[in-house]
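**Q** Predicted model follows, preceded by the sequence.
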Amino acid sequence: MIAAESKGLTVGNRVYWRGDAADCGRITEMSWDAVTVAWDNGRVVRVPMVIYAEIQRTSAKLGAM
């Protein structure tokens with residue numbers, strides 16, 4: 001995800017890690033420098049802005065999972 005795309009993130013958005021649509025989670029918190037993601041595998045991780053390139057928003061179809 002590039003900086004321009006990250007500006008569209010909001011709490012509740014579904015995201016996935018490193019292009020793996022099977023590795024999904026939901027954004028639960030946001031701050032100026034990071035997002036917190038509750039991953040479907042049970043982990044909750046704070047993702048700093050410097051590694052936003054590793055996450056991508058899911059499509060509407062994937063977000064319905």
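**A** Done, it's in.
**Q** what helix or strand is the spatially most central residue of the chain on?
**A** Geometric centre of the chain, nearest residue: residue 15, 3.6 Å, by Cα atoms, centre = their mean. Element membership of residue 15 [criterion: DSSP states H and E] is strand 14-17.
**Q** Go through whichever helix or strand comes after that strand and flag the buried ones.
**A** Going down the chain from strand 14-17, the next helix or strand is strand 20-30, by DSSP H and E. By 16 or more other Cβ atoms under 10 Å, the buried positions in strand 20-30 come out as 24-27. In this view, the C-beta of every residue, glycine as well, is placed from N, C-alpha and C.
**Q** coming back round to it: parallel or antiparallel, which strands does the strand holding residue 15 pair with?
**A** strand 20-30 (antiparallel), strand 55-57 (antiparallel) (DSSP bridges).
**Q** Contacts for that strand next, please.
**A** Strand 14-17 is contacted by residues 9, 22-27, 37, 39, 54-58, 62-63, 65 when judged by Cβ atoms under 8 Å, 6 or more residues apart in numbering.
**Q** Give the rounded mean pLDDT of it.
**A** The average pLDDT within strand 14-17 is 89.
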